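Trainee: fold the following.
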Amino acid sequence: MIHLPLTPPEDFEPPNSSEDFYAEVIRLMAESEIPFLLSGTYALACYTGIKRPTKDVDVFAKAGDALRMLSFFKDKGFDVEIVDDRWLARVTRGEQFVDIITNMPTSATHVTDEWFQDAPEARLFDTKVHLVPPTQFVWSKIYVQDRYRYDGADVAHMILKRSEDIDWTQLISSMELHWEVLLVAVLNFRFIYPSERHLIPRWVMDELLERLHAQLAMPSAGKKVCRGRIFSPRDYQIDIGEWGFSEAVGNLEEDYAKH
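Mentor: Just a heads-up that it's a prediction; the model follows:
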């Protein structure tokens, strides 16, 4: 059970120029009664106590609720922006912004009602909010593996501090197609914290390693596929554009037509 309420460290504050904006937006989000979940640096601080600078606030919402939220803030006189219909919208004021995230576009990790079940309560800027649960926090961070941003440390720290709060059964089910990504993450954790290896349940390791052993006994795939663009579309563009690999997802009909 997650101990409530959670709060960021007392001396964890955004730049003074941004604090009033963040506080106003979060307060209005709560008053709107449109469901949202706090994520990003503030959620990490609540769960782990880690303090680090942040340039924005991240919240997660279902796609339909994100549209309602944008309409709500537009009526309040704020500037709003749909940055990318696939996953990201913003409430802005000048260079300040709050991100509203509905989906992780490269991995089809979209926000559902399940994310809100048992979401822990926290207080930010003296406003009651709910945090993205540890399970979904890991799920949303585990695919961020780009040349310019890698969230592996956030995943490792969440496991270190909140392993008992992670629903490992749900996490494996959510990552069923990408179980190898989870295996790499837990092996990475074991390497980083050799004295804390016990925090990864033994059955999780057994399940993932059993899959690996079964995979090793299979013949190699006949289709050249690059799944790197799930992590970073730009870093693995050459694989698709010049080296003859197919996308992990995309126009499968064209691929089938060739066989």
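
Trainee: now do the phi/psi pair for Arg123.
Mentor: phi -120, psi 130 (degrees, to the nearest 10).

Trainee: how much space between it and Val129?
Mentor: 7 Å (C-beta to C-beta, to the nearest Å). The way it works is simple: take the backbone N, C-alpha and C, and place the C-beta from them, glycine included.

Trainee: between those two, who's got more neighbours?
Mentor: Using other C-beta atoms under 10 Å, the more surrounded residue of Arg123 and Val129 is Val129, with 24 against 14.

Trainee: doesn't Val184 belong to a strand?
Mentor: No. Counting by DSSP: H, G, I helix; E, B strand; the rest coil, Val184 falls outside a strand, being helix.

Trainee: what's the pLDDT at it?
Mentor: Val184 is assigned 98 on the pLDDT scale.

Trainee: equivalent analysis for Glu19, please.
Mentor: Reported pLDDT for Glu19: 81.

Trainee: same deal with the one 4 residues further on?
Mentor: The model reports Ala23 with a pLDDT of 91.

Trainee: pull the number of nearby residues for it.
Mentor: Around Ala23 there are 16 residues (other C-beta under 10 Å).

Trainee: can I assume it sits in a helix?
Mentor: Yes. Using three-state DSSP, the assignment for Ala23 is a helix.

Trainee: quick one: the helices in the stretch 101-250 of the chain?
Mentor: Here the stretch 101-250 of the chain has its helices, by DSSP state H, counting those that start in this stretch, at 134-141, 152-162, 168-174, 179-192, 202-216, 237-241.

Trainee: how about the shortest one: buried residues?
Mentor: Of the residues in helix 237-241, those with enough neighbours to count as buried (16 or more other C-beta atoms under 10 Å) are Asp239, Ile240.

Trainee: I'd like the distance from that helix to the chain centre, please.
Mentor: Centroid displacement of helix 237-241 relative to its chain, using C-alpha atoms, centre = their mean, to the nearest Å, is 25 Å.

Trainee: so how far is Arg202 from Trp115?
Mentor: 27 Å.

Trainee: same drill for these two, tell me which one is more crowded.
Mentor: Trp115 (23 against 9).
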